[in-house]
Each structure stands twice: as structure tokens, then as C-alpha cells.
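Trainee: My questions are about this predicted structure, shown below with the sequence.
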Amino acid sequence: QVQLVESGGGLVQAGGSLRLSCAASGRTFSRDNMAWFRQAPGKEREFVAAIGSTTITTSYADSVKGRFTISRDNAKNTLYLQMGSLKPEDTAVYYCVRVVQISSTPLIIGSWGQGTQVTVSS
């Protein structure tokens, strides 16, 4: 069972930056497609970004395109989300997860981590 632990969230002013990390256990990380999702209070969980196992393929939600960058370090079993030009509407709990394919509506594999809270003040 792969376990995912997100970190790096916090409180930041609008226009600021944060880098989220997702540490994955298990031996399959380098072969897994991965994604970030987020869930704001009172809203459904939504797709943010995805990356293929070899990092060549990525996909982003329109709302974050040009501001967020997804990356990974397979040697460290870690997934990243670099977030810039943050807006109050980016406030949410951010989750990483394994996915079947790289798309804006990927199928989820396994369970979610506990998430990390990102709060952007105006």
C-alpha cells in the first residue's frame, strides 16, 4: 500500500509563492502517474495538475496554468507543486494522489493523503 504525506502548506499573502511536497512510500513511485487536487471549504475536490512517471507529460487546470508547476524527483520519491502568483481563491486543502492517466479528469488509484492547508490572504 502506497502512503502519501503532503507538506509545505501555510498562510501566504496574495501574490506570494509556496512549494508543496508529497512524500510517497513504496517502490512504485517512479512508475506512477501522480496528480495534485484541492478542496476548498464547501466545494468539491478539484483537479489541479498531473505529471507522468517520466515527467515528460503534464496537465494543468486552466485556473492554475502559468502560475503553478508540477514536478517530481523519483530518486527521492517526492512530488512537488510550485505555486506562484497565489490568489485568495487558491485557498484549499491540497492533496496528492496516484492516477491512471494524465488528464484533467484522471482516474484515482489508491487512497488520499491527509492533505496540506494553503490559505491565501487578500
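Mentor: On my side now, so go ahead. Numbering: from 1, shown residues only.
Trainee: wait, what's in contact with the residue most central in space within the chain?
Mentor: Central residue of the chain (Cα atoms, centre = their mean): Trp36, 2.5 Å from the mean position. Neighbouring residues of Trp36 by Cβ atoms under 8 Å, 6 or more residues apart in numbering: Leu20, Cys22, Val48, Ala49, Ala50, Ile70, Leu79, Leu81, Tyr94, Tyr95, Cys96. The way it works is simple: take the backbone N, C-alpha and C, and place the C-beta from them, glycine included.
Trainee: For the residue lying closest to the third one once chain neighbours are set aside, name its beta-bridge partners.
Mentor: Pointing back at Val48 there. Nearest residue to Val48 in three dimensions, chain neighbours excluded: Trp36, at 4.2 Å (Cβ to Cβ, 6 or more residues apart in numbering). Bridge pairing for Trp36 (DSSP bridges) gives the partners Ala49, Cys96.
Trainee: Please report how far Trp36 lies from Ser122.
Mentor: Note on Trp36: its distance to Ser122, by Cβ to Cβ, to the nearest Å, is 23 Å.
Trainee: same check, this time on Ile109
Mentor: 36 Å.
Trainee: Equivalent analysis for Arg19, please.
Mentor: According to Cβ to Cβ, Arg19 stands 21 Å off from Ser122.
Trainee: now Phe68
Mentor: In terms of Cβ to Cβ, Phe68 sits 19 Å off from Ser122.
Trainee: quick one: which of these two has more around it?
Mentor: Neighbour count, other Cβ atoms under 10 Å: between Phe68 and Ser122, Phe68 has more, with 22 against 9.
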